[in-house]
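Undergrad: Give me a 3D structure for the following:
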Amino acid sequence: MRELLVFTLRKLGGIKEGRKEGTDETIIKLIPDLFALSNDRQAVIKILMNKMGLGQEQAESYYQRAMAAEPKEK
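TA: Predicted structure coming up:
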């Protein structure tokens with residue numbers, strides 16, 4: 001019985017981690033599009049804070065990661 005409980009808890013932890021990774025990826029893919037609509041970094045950060053429930057530092061971190069991953073136009 002204990003082994004089943006441990007297995008279930010580990011599996012749930014993996015599901016939670018997978019959801020977080022999927023959410024991170026989605027946010028990072030969305031940021032360049034949000035920026036293209038407004039050309040306003042602070043507006044994008046505010047949207048992330050309000051709609052995704054992120055703190056300022058978290059939102060800025062996502063923004064920096066997304067824009068660093070975005071290929072530069074020539």
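Undergrad: State the pLDDT value of the residue nearest to residue 59 when sequence neighbours are not counted.
TA: Leaving out its chain neighbours, the residue that sits closest to residue 59 by C-beta to C-beta, 6 or more residues apart in numbering is residue 48, at 3.9 Å. Every C-beta, even on glycine, is put in place using the N, C-alpha and C of the backbone. pLDDT, residue 48: 93.
Undergrad: What degree of burial does residue 48 show, as a neighbour count?
TA: If you count neighbours by other C-beta atoms under 10 Å, residue 48 ends up with 24.
Undergrad: swap in residue 52?
TA: Residues near residue 52, counting by other C-beta under 10 Å: 14.
Undergrad: close enough to count as contact, it and residue 27?
TA: Yes. The pair residue 52 / residue 27 is scored as a contact, 6.4 Å apart, by C-beta atoms under 8 Å.
Undergrad: Look at the residue nearest to residue 69 when sequence neighbours are not counted and report its pLDDT.
TA: Among residues not flanking residue 69 along the chain, residue 28 sits closest, at 6.5 Å (C-beta to C-beta, 6+ apart). At residue 28, the model reports a pLDDT of 91.
Undergrad: Verify the contact between residue 28 and residue 64 for me.
TA: No. With contact defined as C-beta under 8 Å, residue 28 does not reach residue 64; the gap is 10.2 Å.
Undergrad: ok, these two, which is more surrounded?
TA: Comparing residue 28 with residue 64 by other C-beta under 10 Å, the one with more neighbours is residue 28, at 17 against 12.
Undergrad: Which helix or strand contains residue 32?
TA: Element membership of residue 32, judged by DSSP states H and E, is helix 2-38.
Undergrad: And for residue 70, the neighbour number?
TA: 14.
Undergrad: Mind pulling up the pLDDT for the closest residue to it other than its chain neighbours?
TA: Among residues not flanking residue 70 along the chain, residue 32 sits closest, at 4.8 Å (C-beta to C-beta, 6+ apart). Looking at residue 32, its pLDDT is 93.
Undergrad: What distance do you get for residue 32 to residue 54?
TA: Distance, residue 32 to residue 54, by C-beta to C-beta, to the nearest Å: 17 Å.
Undergrad: now do residue 44
TA: Residue 44 is 11 Å from residue 54, where distance means C-beta to C-beta.
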